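Enquirer: Show me how the following folds:
(2 chains, ligands or ions: 2)
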Amino acid sequence: MLLIPCPFCREDRSEEEFSCAGEAHIARPEKPAELSDHEWGDYLFMRTNPRGPHRELWVHTAGCRRYFNVLRDTVSYEVLVVYEVGQPPPDPPGGDES
Amino acid sequence: MEISLTTVPRVRKARKRSRMSRTNTSRAENCDEIRSGTTDVRRLPVEKYSLFSLVKHGRRHHETWQRAWRDPSPKQSYDTVIVGGGGHGLATAYYLAKVHGVQDVAVVEKGYLGGGNTGRNTTIVRSNYLRDEAAHLYDFALKMWPGLSQDLNFNVMFSPRGVLSLGHTLHDMREIERRVNANRLNGIDGRMLDTADVQKQVPLLNCSPDARYPVLGASWQPSGGVARHDAVAWGFARAADSHGVDLLQQTEVTGIRVRNGTVEGVETSRGFIAARKVACVAAGHSGVLAAMAGLRLPIESRPLQALVSEPLKPCLDTVVMSNAVHCYISQSDKGDLVIGAGADRYNGYGQRGSFSTIEHTLEAVCELFPSFSRVRMNRHWGGIVDICPDACPIIGPTPVEGLYFNCGWGTGGFKATPGSGYVFADTLANERPHPLAAPFTLERFASGALVDEHGAAGVAH
Ligand SMILES: Cc1cc2nc3c(=O)[nH]c(=O)nc-3n(C[C@H](O)[C@H](O)[C@H](O)COP(=O)(O)OP(=O)(O)OC[C@H]3O[C@@H](n4cnc5c(N)ncnc54)[C@H](O)[C@@H]3O)c2cc1C
Ligand SMILES: [Zn+2]
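Expert: Ligands and ions are numbered 1, 2, ... in the order given. So this is what the prediction gives:
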């Protein structure tokens, strides 16, 4: 059971109050019409899916209902950093993808 | 190539193995040779499991059985290296060697054979998928199950005891009916059951109208059932080994060497192994392997949980699934209830899973089967499943020449084990997708031709 500190509610709450919206920092291409099918498919479907620190988008569904980013380790499940959308992604400790 | 979608290929041997020669080496000496586990040991004829061999070794207190497979040291190079010693990887190796005569093959497994999802799943076998592409692939696999024990000379305990998929709402029932109709058009034995039929099949199920999850009906596939997961891994392993495949356990792939867009081999915890072709069949760890070759896959890895109870007297002689409440349950031949839950809602590689997920499933089981609320649970575990956006597998080549993947089976690939190995071996040997695998290449994520099976794959199973 994860305890996630919501940066808006400023409380550690149970994972059941939240929904995970997947990998964070996937920017929608500015001109989709100019992309090849492979580039568009890449944007829509391809994921890094790392074993180790992972940047994710979460929403406090049963709380303030606001979105924020989480840097979480997918092996130890430790929530490393919680930060607001629009902030630069923090560097995972010990480099990317362990 | 013309292939029939309804008949199963009779697996032919590419080359006849030399008949067991009657030398005067005693069986005990043979065993010692095999136990020593070096590659330069001459391959010994593999003894057939039979009533005769059972009696023979029984008289010697079962101390004279051959090891089921060798434990060779890695060679410097192989024609094909298969990464992942689960059911799919082992089946791929077996069919490569047996059907295509490619015997210079190694299966590289970081842990022990079948220790991944193959040994962790709830063993449901069925083929009632909605879309033609998926239905053809899964039904091809389903038709291989009845002959598998004979073919492998290993009892995989396939038990076609039927699979029920419950509907609890009008919407569920419409979806189920649509799927059953689609199945019938594909020659799959789907059937609709009403509440009374379901109650007759499963007397312990709470079918009363005021149940928390009222049972409005179900789909029923009588040719589905369960099989013994470990035996599937062991049977394919032993058969592959007997055809000359090297099974390298405790050997982790730590890198994939690529030069000028072509694969050269794999770095492992036991050194570099060169290979003309590298085939990754690593389920939840496929993304990790793809990253080693600089690729990304449309896959997210999540724990899927299951548990078994203490053994009970026979009380459930079929498989009951419910997508709506995220549970699937059967009773093993030992008598334990085997219960599967949904996948976690976020990525993870911890083979345990979220507590709220399993709690949710057990709440549902107790509503569906009130008498099971008193049953004590024995063991609980998780496996890391590789979930694809369309709940269908990815089988085929990658942008790296010579590098292939067979993954994305997610929560439901056990049932496909023989078929997956068969079509993947064919794909590798002929360097083009097997016709049944053609709709499932990575290309579909560029063309947009996804095969949406979220309904039939449901949550799990
Ligand atoms: C709880 C649970 C219930 C399930 N229930 C069902 C069901 O009822 N019916 C059904 O059809 N399917 C079910 N499934 C899905 C099914 O188990 C899988 O789809 C199937 O077993 C996958 O087989 P595989 O051989 O591809 O993967 P695995 O058996 O996971 O094999 C992959 C292997 O690759 C190895 N590996 C990974 N990385 C490396 C590396 N770097 N180097 C070397 N080796 C590596 C792993 O150790 C592992 O042994 C279930 C899964 C789970 C977890
Ligand atoms: Zn909040």
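
Enquirer: Quick one: the strands in chain A, in order.
Expert: A:3-6, A:11-14, A:19-23, A:53-59, A:67-73, A:79-83 (DSSP state E).

Enquirer: Output these in CSV; the columns should cover distance to ligand 1, mean pLDDT and mean neighbour count.
Expert: Bear in mind the C-beta positions are built from the backbone N, C-alpha and C, glycine included. Listed next are the strands of chain A as CSV, based on distance: least, C-beta to the nearest ligand atom, whole Å; pLDDT from 0 to 100; neighbours: other C-beta atoms under 10 Å in any protein chain shown:
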stretch, distance to ligand 1, mean pLDDT, mean neighbour count
strand A:3-6, 25, 96, 16
strand A:11-14, 23, 96, 14
strand A:19-23, 19, 97, 16
strand A:53-59, 18, 97, 21
strand A:67-73, 18, 97, 21
strand A:79-83, 24, 96, 17
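
Enquirer: The ones you listed: which one's closest to residue B:389?
Expert: Nearest to residue B:389 among the strands of chain A is strand A:19-23; the distance by C-beta to C-beta comes to 10.7 Å.

Enquirer: Skipping its backbone neighbours, what lies nearest the residue positioned nearest the centre of chain B in space?
Expert: Ranked by distance to the mean C-alpha position of chain B (C-alpha atoms, centre = their mean), the top residue is residue B:414 at 2.7 Å. Nearest residue to residue B:414 in three dimensions, chain neighbours excluded: residue B:121, at 4.5 Å (C-beta to C-beta, 6 or more residues apart in numbering or on different chains).

Enquirer: Quick check: which helices or strands does the longest helix seen in chain B pack against?
Expert: Identified as the longest helix of chain B according to DSSP state H is helix B:132-152. When contacts are defined as 3 or more C-beta pairs under 8 Å, 6 or more residues apart in numbering or on different chains; DSSP states H and E, helix B:132-152 sits against helix B:170-185, helix B:229-242, helix B:417-430.

Enquirer: For the residue nearest to the centre of chain B, grab phi and psi.
Expert: Dihedral pair for residue B:414: phi -60, psi -40, per degrees, to the nearest 10.

Enquirer: hang on, the earlier thing: angle of the longest helix of chain B against helix B:417-430?
Expert: Per axes from the mean of the first three to the mean of the last three C-alpha atoms, to 10 degrees, the angle that helix B:132-152 makes with helix B:417-430 is 100 degrees.

Enquirer: can I get the CA coordinates of helix B:132-152 in CSV?
Expert: Coordinates of the C-alpha atoms in helix B:132-152 are reproduced here as CSV (Å, rounded to 0.1, in the frame of the first residue of the first chain):
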residue,chain,number,x,y,z
ASP,B,132,-10.8,-12.8,-35.6
GLU,B,133,-7.0,-12.3,-35.4
ALA,B,134,-6.9,-13.0,-31.7
ALA,B,135,-9.5,-15.8,-31.8
HIS,B,136,-7.5,-17.6,-34.5
LEU,B,137,-4.2,-17.4,-32.6
TYR,B,138,-5.6,-18.5,-29.3
ASP,B,139,-7.7,-21.2,-30.8
PHE,B,140,-4.7,-22.6,-32.7
ALA,B,141,-3.0,-22.8,-29.3
LEU,B,142,-6.1,-24.3,-27.6
LYS,B,143,-6.2,-27.1,-30.2
MET,B,144,-2.6,-28.1,-29.3
TRP,B,145,-3.3,-28.7,-25.6
PRO,B,146,-5.1,-32.1,-25.8
GLY,B,147,-2.1,-33.7,-27.7
LEU,B,148,0.6,-31.8,-25.7
SER,B,149,1.4,-34.4,-23.0
GLN,B,150,1.8,-37.1,-25.7
ASP,B,151,4.0,-34.9,-27.9
LEU,B,152,6.2,-33.8,-25.0
